[in-house]
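>>> 3D model of this:
(one chain, ligands or ions: 2)
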Amino acid sequence: MSTHFDAIIIGAGQAGPSLAGRLTEAGKSVALVERKLFGGTCVNTGCTPTKAMVASAYAIHTARRGAEYGMTTGPISVDFARVMARKEKIRLDSRTGVENWLKGMNNCTVFEGHAQFESPREMRIGGERISGEQIFLNVGGRAAVPDLPGINDVPYLTNSSIMDIDHLPQHLVIVGGSYIGLEFAQMFRRFGSEVTVIEKSPRLIAREDPEVSDAIREILEKEGIHIRLAAECIHFAKHADGIAAGVDCTSGEPEIVGSDALLATGRKPNTDDLGLDKAGVKIDERGYIEVDECLRTNVPHIFAMGDCNGRGVFTHTSYNDFEIVAANLLDNDPRRVSDRIQTYALYIDPPLGRAGMTETEARKSGRKLLIGTRPMTRVARAVEKGETEGFMKVIVDADTEEILGAAILGTGGDEAIQSILDIMYAKKPYTTISRAMHIHPTVTELIPTMLGAMSPA
Ligand SMILES: Cc1cc2nc3c(=O)[nH]c(=O)nc-3n(C[C@H](O)[C@H](O)[C@H](O)COP(=O)(O)OP(=O)(O)OC[C@H]3O[C@@H](n4cnc5c(N)ncnc54)[C@H](O)[C@@H]3O)c2cc1C
Ligand SMILES: NC(=O)c1ccc[n+]([C@@H]2O[C@H](COP(=O)([O-])OP(=O)(O)OC[C@H]3O[C@@H](n4cnc5c(N)ncnc54)[C@H](O)[C@@H]3O)[C@@H](O)[C@H]2O)c1
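Ligands and ions are numbered 1, 2, ... in the order given. Prediction:
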C-alpha cells in the first residue's frame with residue numbers, strides 16, 4: 001500500500017525545493033525525497049564551498065601582494081584548517097537552511113533515502129512506497145571517474161572528497177583543465193601546494209575562444225602552476241613519493257608524480273539507479289533524461305530538471321528549469337528552455353564571465369560580424385585595483401546590430417557580463433548599451449567604449 005501525493009519530487013538540489021514551495025503554495029500535497037545532503041551539489045560539493053575557498057585564496061593572494069598597496073606585514077602563512085573550517089561553516093549554514101525550509105513547509109512530507117521507480121506512478125524509498133499524480137526528477141550528477149588502469153590502486157580525489165581533506169597537498173596533480181580543474185588549481189596554488197594540471201586538449205577550457213584559453217594559461221602559469229597540454233592521463237600507479245600519473249604526450253615527461261591526485265574529468269547524471277526503465281522514461285546514450293522544451297519526459301506526468309536532463313550544467317540552469325516547469329504548470333505562462341541564453345562564469349581570479357556565443361560559434365553561424373575588444377590594462381577601475389589581467393570582447397551581428405556573445409576575463413567580469421546579457425534578453429541593438437550612461441569608475445563603463453570601436457570580422 002503506498003501513500004499518495006499530488007506531486008513527488010526526487011532530489012533537494014537547485015530546482016526541487018523551490019518547486020516544492022510553489023506546488024504547496026498552490027495547495028498540492030508534495031513528497032520530497034533526498035538521499036544524501038539537502039542542497040545537493042551546489043551547496044555541498046560545488047559552487048558554495050568552492051567559492052568560499054576561492055575567497056580565502058583571493059584574500060591570501062592579496063595579502064602576499066600587500067606591499068604593492070602600502071601594507072607592511074610579516075611573511076604570510078596559510079592556516080589550511082581554518083580555510084576548511086570557514087568553508088565548512090558556510091556550506092553547513094546553507095545546507096541547514098534548505099533542510100529546515102523543506103521540513104517546515106506546510107503540506108510537504110520529506111523522505112530521507114534513495115528513491116527508485118516501481119512503476120510509472122509509484123516509487124520505493126527503502127521499505128516505504130509512495131505514488132504521485134506528477135513526478136519531478138531533480139537528481140543531479142556526480143563526478144565521472146574515468147576507467148583508467150591503476151585508478152583503483154591510488155587514493156584519488158574528486159570534487160566531493162576534496163571538500164573533506166585534512167591536509168594541504170604538497171603537490172596536487174589535477175587531471176582535467178576545465179571549470180573544476182582550474183578553480184581548484186589556482187586556489188590550491190595560492191594555499192601553498194605545488195600544482196600540475198594535465199589536460200588532453202591542446203588548450204585549457206577548450207570550449208572557449210583560443211585567446212581566452214591562452215590568457216587563462218598565462219595567468220595561471222604566472223602563479224607557478226604547471227600546465228601540461230595535449231597530455232592525456234592514461235594510467236595511475238602508486239609511487240614512493242605518492243601517486244604517479246602516466247601521460248600520453250609528444251613532449252614533456254611521460255609521468256608526473258604528486259602527493260595527491262584530483263579527477264576533474266567531467267560529470268555524469270544520477271540516472272543509473274533510479275529504475276527509470278520501470279517508469280518507461282527515456283534516457284540518451286550518455287544517461288541524460290530526454291525532455292521537451294517544457295522539461296517533460298516522454299512519460300507525460302514525469303518531468304526532469306537540472307543537471308540530469310543534460311540541458312544545462314549550472315546552478316542557474318537548474319533553477320531556471322524550476323521556473324519553466326512552475327510557469328507552465330501553475331502560471332499558464334509558456335516559458336521554454338530555448339528562451340534562455342547560455343551564460344556562466346569561471347571562478348578563477350580574475351573571473352571569466354561569459355554570455356551567448358563564442359567568436360568561433362558566431363563565425364560558424366555564417367553571419368557578418370562586428371567584434372570589439374579591450375584589454376583590462378585600459379580599464380581605469382582595473383588599473384586602480386591593481387588587477388589588470390585579462391580582456392573583454394564582444395561579438396555583434398553586423399546586420400541586426402544585436403549582441404551575439406561576449407566574454408569578460410577580468411576583475412569583476414562575472415558581474416559586468418550581466419549588463420550585456422540583459423540587453424541580449426531584451427533583443428535590443430548594441431547601441432542601447434553604448435548610449436547608456438554608466439557609473440565611473442567601473443568595469444561596465446568601458447563596455448560602451450569597446451562597442452564604439454568594433455571592427456568588421
Ligand atoms: C566543484 C563544482 C563547482 C561548481 N561551481 C558552480 C558555480 O560556480 N556556478 C554554477 O552555476 N554551477 C556550479 N557547479 C555546477 C552546479 O553545482 C550544478 O549544476 C548544480 O548543483 C546542479 O543542481 P541540480 O539541482 O541539477 O542537482 P544537484 O544539486 O546535484 O541535486 C541532486 C540531488 O538529488 C539527490 N538524489 C539523486 N538521486 C536520488 C535518488 N534516487 N533518490 C533521492 N535523492 C536523490 C542527490 O543526493 C542530490 O542532493 C559546480 C559544480 C561542481 C562539481
Ligand atoms: N564556475 C562554474 O560554473 C563551475 C565550476 C566548476 C564546475 N562546474 C560544472 O561542473 C561540470 C564539470 O566540470 P569539469 O571541469 O569536471 O568537466 P568538463 O567536462 O568541463 O572538463 C573535463 C576536462 O577534462 C579533460 N579530460 C578528460 N579526461 C582526461 C584525461 N584522461 N586526461 C587529461 N584530461 C582529460 C577534458 O578534455 C576536459 O577539458 C561543468 O560542466 C560545469 O557545469 C561549473
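>>> which residue ranges form the helices in the stretch 351-457 of the chain?
Using DSSP state H, counting those that start in this stretch, the helices found in the stretch 351-457 of the chain span residues 359-364, 380-385, 413-426, 431-434, 447-451.
>>> For the first one, which helices and strands make contact with it?
To tie it back to what came earlier, the one meant is helix 359-364. For helix 359-364, the packing partners by 3 or more C-beta pairs under 8 Å, 6 or more residues apart in numbering; DSSP states H and E come out as strand 369-375, strand 391-397, strand 403-409. Bear in mind the C-beta positions are built from the backbone N, C-alpha and C, glycine included.
>>> Mean neighbour count, the ones you listed: which tops it?
Highest mean neighbour count of the helices and strands packed on helix 359-364: strand 403-409, a mean of 27 (counted as mean count of other C-beta atoms under 10 Å).
>>> what's the angle between it and helix 413-426?
Note on geometry: by axes from the mean of the first three to the mean of the last three C-alpha atoms, to 10 degrees, strand 403-409 and helix 413-426 are set 170 degrees apart in direction.
>>> re earlier: give me whichever of the helices of the stretch 351-457 of the chain is most buried.
Compared across these, helix 447-451 shows the largest average neighbour count, a mean of 21 (mean count of other C-beta under 10 Å).
>>> about what we covered before: the helices of the stretch 351-457 of the chain: which one's closest to Glu99?
Glu99 lies closest to helix 413-426 among the helices of the stretch 351-457 of the chain, at 28.2 Å (C-beta to C-beta).
>>> Ends of stretch 214-233, what's the gap?
End-to-end span of stretch 214-233 (C-alpha to C-alpha, to the nearest Å): 21 Å.
>>> So that stretch, near ligand 2 or not?
Yes. Stretch 214-233 is in contact with ligand 2 by C-beta under 6 Å from any ligand atom, via 232-233.
>>> List the buried residues of that stretch.
The neighbour-count check on stretch 214-233 (16 or more other C-beta atoms under 10 Å) flags 215-217, 219-220, 225-229, 231-233 as buried.
>>> How much space separates the residue nearest to the spatial centre of the chain from Arg142?
For the chain, the residue nearest the mean C-alpha position is Phe314 (4.7 Å; C-alpha atoms, centre = their mean). Using C-beta to C-beta, to the nearest Å, Phe314 is found at 16 Å from Arg142.
>>> Then Met305?
Taking C-beta to C-beta, one finds Met305 at 17 Å from Arg142.
>>> which one of those two has more residues nearby?
A direct count of neighbours by other C-beta atoms under 10 Å for Met305 and Arg142 places Met305 higher, at 33 against 16.
>>> Hmm, Gly140 and the more buried one touching each other?
No. Assessed by C-beta atoms under 8 Å, Met305 is found out of contact with Gly140, at 9.7 Å.
>>> who touches both of those two?
Common neighbours of Met305 and Gly140, counting by C-beta atoms under 8 Å, 6 or more residues apart in numbering, are Ser318.
>>> Of all the helices of the stretch 351-457 of the chain, which one is nearest ligand 2?
Closest approach to ligand 2 among those (C-beta to the nearest ligand atom): helix 413-426, 8.8 Å.
>>> Residues contacting the closest one, please?
So helix 413-426 is in contact with 341, 343, 345, 347, 350-356, 390, 392, 394, 402-403, 406-408, 430, 432-433, 442-444, 447, going by C-beta under 8 Å, 6+ apart.
>>> So which residues on the chain come close to ligand 2?
Within the chain, the positions adjacent to ligand 2 are 146, 175-181, 183, 198-201, 206, 232-233, 264-267, 313-314, 344-347 by C-beta under 6 Å from any ligand atom.
>>> make it 5 Å
Taking C-beta under 5 Å from any ligand atom as the test, the list of the chain residues beside ligand 2 reads 175-176, 178-180, 198-201, 232-233, 264-267, 313, 347.
>>> buried subset of these?
Buried among the residues of the chain next to ligand 2 by 16+ other C-beta under 10 Å: 175-176, 178-180, 198-201, 232-233, 264-265, 267, 347.
>>> Surely Gln134 forms part of a strand?
Yes. Counting by DSSP: H, G, I helix; E, B strand; the rest coil, Gln134 is located in a strand.
>>> what is it paired to in the beta sheet?
Going by DSSP bridges, Gln134 is paired in beta bridges with Ala7.
>>> Surely it is in contact with Val299?
No. Applying C-beta under 8 Å, one finds Gln134 not in contact with Val299, separated by 10.4 Å.
>>> Those two - which one has more neighbours?
Using other C-beta under 10 Å, the more surrounded residue of Gln134 and Val299 is Gln134, with 20 against 16.
>>> re the thing from before, for the buried residues of stretch 214-233, which one is nearest Leu295?
Of all the buried residues of stretch 214-233, Leu295 sits closest to Ile216, with 33.0 Å by C-beta to C-beta.
>>> Helix, strand or coil: sort out the closest one for me.
Of the three states, Ile216 takes helix under three-state DSSP.
>>> mind checking how far the residue lying closest to it once chain neighbours are set aside is from ligand 1?
The shortest distance from Ile216 to any non-neighbouring residue, by C-beta to C-beta, 6 or more residues apart in numbering, is to Leu204 (5.5 Å). From Leu204 over to ligand 1 the distance is 16 Å, taken as C-beta to the nearest ligand atom, to the nearest Å.
>>> what does Leu37 give?
In this view, Leu37 and ligand 1 are 6 Å apart by C-beta to the nearest ligand atom.
>>> Quick one: residues contacting that residue.
43-44, 95.
>>> Please flag which of the residues you listed sit within helices.
Residues from these lying in helices, with DSSP state H as the criterion: 43-44, 95.
>>> what about Leu263, neighbour count?
What Leu263 shows, counting by other C-beta under 10 Å, is a neighbour count of 25.
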